[in-house]
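J.: next comes the sequence, and after it the predicted model I'd like to discuss.
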Amino acid sequence: MRSLYGSVPNAKTGRTLQQDLAFAVNEYQTSDVKANVHHLIEAAFIEHGENIENLCPILVHIAKENQMSKRGSRK
């Protein structure tokens, strides 16, 4: 049974859930997010080694700053 939720437009974007997901996948594939995140994570490990106390907040910050949902307002 298909969910009605998936066909209700998002109030912010005007797109359905399926359209929002397709948009996010396309945006991720065509942006430099993956390469940028990889570079930032690599730099964090080079600078801090495997010190988990230093790495955890840095990795969380990288994830937050590179959320695809932050790019979702574009149409």
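T.: Noted; the coordinates are in hand.
J.: any idea which helix or strand comes after the longest helix that the chain contains?
T.: Taking DSSP state H as the assignment, the helix of the chain that covers the most residues is helix 33-48. Next helix or strand after helix 33-48 toward the C-terminus (DSSP states H and E): helix 52-65.
J.: which elements pack onto that following helix?
T.: With contacts taken as 3 or more CB pairs under 8 Å, 6 or more residues apart in numbering; DSSP states H and E, helix 52-65 sits against helix 33-48. Yep, even glycine has a C-beta here, placed from its N, CA and C like the rest.
J.: elements contacting the helix it packs on?
T.: Of the remaining helices and strands, those touching helix 33-48 by 3+ CB pairs under 8 Å, 6+ apart are helix 52-65.
J.: ok, residues contacting the helix it packs on?
T.: By CB atoms under 8 Å, 6 or more residues apart in numbering, the list of residues contacting helix 52-65 from outside reads 37, 40-41, 44-45, 48.
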